[in-house]
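>>> From the sequence below, what's the structure:
(chains A, B, C and D)
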Number of protein chains: 2
Amino acid sequence: MKCIPEKSEDRIREAAKRVFLKKGFDGTTSRDIAKEADMNIALTNYYFRSKEKLFLEIFRDLLEVYFQSTIDILNKDIDIKAKISEIIENDFSMMKREPDLVIFIMNEVHKAPGRLFPDMSIFKQLRSTYIKKQLEEGVANGTVRPMQIENLLPLIKCSIEFIFLGKEIHKELFALTDEEFEKYAEEQKEHIKEMVCNYLVIGP
Amino acid sequence: MKCIPEKSEDRIREAAKRVFLKKGFDGTTSRDIAKEADMNIALTNYYFRSKEKLFLEIFRDLLEVYFQSTIDILNKDIDIKAKISEIIENDFSMMKREPDLVIFIMNEVHKAPGRLFPDMSIFKQLRSTYIKKQLEEGVANGTVRPMQIENLLPLIKCSIEFIFLGKEIHKELFALTDEEFEKYAEEQKEHIKEMVCNYLVIGP
DNA sequence: GAATATTTTAAATGAATGTTTAAATTAATC
DNA sequence: GATTAATTTAAACATTCATTTAAAATATTC
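This next block holds a predicted model:
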C-alpha cells in the first residue's frame, strides 16, 4: 500500500508541472522531476515516452489555466466596466496563486513558438467572446471609445501580469520586501482599474 | 591576419550576448557560444573563466541597456506629458531593436533573483530621477493625480513591453502576421500614450 | 493459484555538458 | 633573432544528460 494515493502517472505529471514552472524546460532535468515526484527516473519515460512529450502535455494544460477564466469572464452578461474590473481581479488572484505561470508561458513560447501550438481552440475561443458584441454596440451608441478586443485585452492584462512577471526586479528596483510588494500590487490594481475604465468608457 | 578585426575577447562577448538573449542561460551551451563566435571552445574559459562569469558580465550590460535610456528621459527638463510620451516611444524602439531583451532579463531574474544584482547603482539612479520632483509639484498644485514614480513607471512600461515580450503569443492569439503585428503594436502605442496621460494629468 | 499483464527497479547506454590540459602557434620584448 | 609572453588549438576530463534495458516486484485475469 502506498502512502500517497495518487496514481504514479499523475504524481509525475504534477511534480513535472511544479518543476517546469519553476525552472523552465531547459533548466529542468528528468532527474529533477523524478526526485520531485519521489519516483524512479525510468518512470518518466515509461508513462510519457520523453521529457518533451511530458512538457507539451503540461504546457497545454497551463495555457488553458492561463486563458480559460478570462474567456469565461469575457462571455459573461455584465456591463463592460464590471467586466474589466472582474478580469483584473481574476488576473490578480491568478498571479498570486500561480506566480510562475505567465513568465513560464511567455518564455517558452518566445524561445520556440512553433513547437507549442498544436491545438488552437483556446485561441479561437478568445477571439469570439461576448464582449466583442458589447464593444461594437458601445462604439455604435457613443459610450465606448472605438477599440477592438485585441487592443483592449492586452491593456487590461499587461498591467497586472507585468508587475508579477517582473516581481523580483520590481522588488529590487523599488527596494521592497515581500510584504511591501503585496501592498504595492494592490495599489497598482486599483490604478489600473480606474485608468482602463476611464479610458475605455466615454462620459461620466 | 584576421578577417574580423575585433579582439577575441570582444568577439566572444558579443557572440555570447546574442546566444544568451536568444536561448537564455540554461538553453545556451559553451559550444553554442564558441560556434557563434567562430572560435575554439577553450577560449570562453580562457578569457572569462567560466560560462557563469561570462553570463554575469553580459547580464549587467544588458540591465543597463534596459534601464539607462529611461533614466535619462526621466531626468530631462520637459513636462510630464512629453516625458511619458518620450518614454513610450523610447521603449517602443528599444523593443524593436532588442526584441529578446525584456523577456530575457525578466526570466533570468525570475529564476534566480539573488544571483544577478551585485551592483545596485542602476536601481538607485532610477529611484531618484527628476520626475519625482515634478510629480510632487504636480500633486501639490492639483494638476497631477496623487501617484508615486513606483506606480507610474510600470503603468507606462508594462503596456509596450508586454506586447513585445509576448509577441509570439499575441501573434498566435489574434492570428497576426509579422506585418500585422507591427501595425497592431503602433495602434497600441497610441492608445497607451493617451490612456496614461489622461489618467495621470488632471484637467483638460 | 498458476499464468499473464502491468508497474517498478537498478543499472547501463551513448551523447552532451562545462572545464582543463598541454602542446602548438603567434606576438612582444630585449 | 633568440627569449619570453600571450593566444589558440585539439584532445581529453569527469559529470551529467535523456533514454533504454532487462530483470524484479506487484496486480490482474482466468
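
>>> As PDB, could you dump the C-alpha coordinates of the helix-or-strand element of chain A with minimal mean pLDDT?
Across the helices and strands of chain A, mean confidence by mean pLDDT, DSSP states H and E is lowest for helix A:121-127: a mean of 90. What follows is helix A:121-127 as a C-alpha-only set of coordinates in PDB (Å, rounded to 0.1, in the frame of the first residue of the first chain):
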ATOM      1  CA  SER A 121      -9.100  26.000 -29.900                       C
ATOM      2  CA  ILE A 122      -8.300  28.200 -26.900                       C
ATOM      3  CA  PHE A 123      -7.300  31.000 -29.200                       C
ATOM      4  CA  LYS A 124     -10.400  30.700 -31.300                       C
ATOM      5  CA  GLN A 125     -12.500  30.900 -28.200                       C
ATOM      6  CA  LEU A 126     -10.700  34.100 -27.100                       C
ATOM      7  CA  ARG A 127     -11.300  35.700 -30.500                       C
END
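
>>> I would like the residues contacting the helix or strand just after that helix, please.
For helix A:121-127, the following helix or strand on the C-terminal side (DSSP states H and E) is helix A:130-140. Here helix A:130-140 makes contact (Cβ atoms under 8 Å, 6 or more residues apart in numbering or on different chains) with A:74-77, A:79-80, A:83, A:144-149, A:152, A:201. For the C-beta atoms, the positions are set from N, CA and C on the backbone; glycine is no exception.

>>> how far does helix A:130-140 sit from the chain's center?
How far helix A:130-140 lies from its chain's middle: 25 Å, per Cα atoms, centre = their mean, to the nearest Å.

>>> And for stretch A:13-31?
With Cα atoms, centre = their mean as the basis, stretch A:13-31 stands 17 Å off its chain's centre.

>>> For the helix or strand where A:Asn198 lies, give the mean pLDDT please.
Assigned by DSSP H and E, A:Asn198 falls within helix A:178-200. For helix A:178-200, mean pLDDT rounds to 95.

>>> hmm, back to that, and the contacts of helix A:130-140, which of them are buried?
For those, a burial check counting by 16 or more other Cβ atoms under 10 Å in any protein chain shown picks out A:74, A:80, A:83, A:144-145, A:147, A:149, A:152, A:201.

>>> Now do the least confident helix or strand of chain A: which elements does it pack against?
Helix A:121-127 sits against helix A:51-74, helix B:167-173, with contacts defined as 3 or more Cβ pairs under 8 Å, 6 or more residues apart in numbering or on different chains; DSSP states H and E.

>>> how's chain A carved up into domains?
Per automatic domain parsing, the structural domains of chain A span A:1-49, A:59-200.

>>> Is stretch A:64-84 in proximity to chain B?
No - counting by Cβ under 8 Å from any Cβ of the partner chain, chain B has no neighbours in stretch A:64-84; the shortest distance is 8.5 Å.

>>> Quick one: end-to-end length of that stretch, please.
Using Cα to Cα, to the nearest Å, the end-to-end distance of stretch A:64-84 comes out at 20 Å.

>>> okay, which residue is most central for chain A?
Nearest to the geometric centre of chain A sits A:Tyr66, at 3.2 Å (Cα atoms, centre = their mean).

>>> which non-adjacent residue is nearest A:Thr28?
With sequence-adjacent residues excluded and distances taken as Cβ to Cβ, 6 or more residues apart in numbering or on different chains, A:Thr28 is closest to A:Val19, at 5.0 Å.

>>> swap that for A:Met95, please
Nearest non-adjacent residue to A:Met95 (Cβ to Cβ, 6+ apart): A:Phe164, at 3.9 Å.

>>> With that, I have no additional questions.
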